[in-house]
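Asks: Everything below, folded, please.
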Amino acid sequence: MNSNHILELFKNGQKEKAFKKLYVLYPRIEKLIVSKGGQKQDALDVFQDALIVLYRKLESSDFKLTASFYTYLYSVSRFIWNDKRKSNNKIIKEGLYERIENDVNEEKKYKNAEYSFSQLGKRCKQILILFYYKELPFKQIALLMKFSSEKIAKNEKYKCLSKARMLYKNSIKLS
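Replies: I've put the predicted structure just below:
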């Protein structure tokens, strides 16, 4: 590959021919990117980005190509790939930290809810279990708990739930 010939093609406005000649270098750049943990699609993206960098440099009047096109594209591709990997790792790490923080917060909420539930009396625990866990209607809860009506069962459930909420809010303040 003759670098001077490619430079002449660019200068004469024959960009398509020049780029076709440069695409001969793609397999070598692909090998570089794949060896650094990338995929073939990554290699194509990086190579095209490197070509854009090269083209913009060629458009500036003060640019002088001091190495072969391969050396130049190889170096630019390596830098582009390293930058992409760093930014991807940063995004992945930020996402991971965010998920871990959310998991820790969720775990705290569950522990506070567990603690609050454990502080309820036996009767309140039983009412809440019957209603929320076993999903029994108030009529059946009234019979099991020996309340005179389902309205009383509803009121007792409301009182127990209010107490559990208060205990939960207090446990959050303490943690």
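Asks: where's the residue lying closest to residue 119 once chain neighbours are set aside, which helix or strand?
Replies: In this structure, residue 119 finds its nearest non-sequential neighbour in residue 167, 5.1 Å apart by C-beta to C-beta, 6 or more residues apart in numbering. C-beta coordinates here come from the backbone N, C-alpha and C atoms, glycine included. Assessed by DSSP states H and E, residue 167 sits inside helix 150-174.
Asks: Any buried residues in that helix, and which?
Replies: 153, 156-157, 160-161, 163-164, 167-168, 171 (16 or more other C-beta atoms under 10 Å).
Asks: Just say helix, strand or coil for the residue lying farthest from the centre of the chain.
Replies: Residue farthest from the centre of the chain, counting by C-alpha atoms, centre = their mean, is residue 148 at 54.5 Å. Taking DSSP: H, G, I helix; E, B strand; the rest coil as the rule, one finds residue 148 in the coil state.
Asks: Give me the spatial nearest neighbour of it, chain neighbours excluded.
Replies: Residue nearest to residue 148 in three dimensions, not counting chain neighbours: residue 142, with 7.5 Å by C-beta to C-beta, 6+ apart.
Asks: Tell me how far that neighbour lies from residue 123.
Replies: Look at residue 142 and residue 123: by C-beta to C-beta, to the nearest Å, they are 13 Å apart.
Asks: neighbour-wise, which of the two wins?
Replies: More neighbours surround residue 142 than the other of residue 142 and residue 123, with 19 against 11 (other C-beta atoms under 10 Å).
Asks: Just list the residues touching that one, thanks.
Replies: Neighbouring residues of residue 142 by C-beta atoms under 8 Å, 6 or more residues apart in numbering: 148-150, 152-153.
Asks: How far off centre is the helix or strand in which it is found?
Replies: Assigned by DSSP H and E, residue 142 belongs to helix 138-145. How far helix 138-145 lies from its chain's middle: 48 Å, per C-alpha atoms, centre = their mean, to the nearest Å.
Asks: Now it: buried residues?
Replies: Quick answer for helix 138-145 (16+ other C-beta under 10 Å): 138, 141-142.
Asks: for the protein, which spans come out with low pLDDT?
Replies: Within the chain, the stretches with pLDDT under 70 are 1, 61, 91-96, 175.
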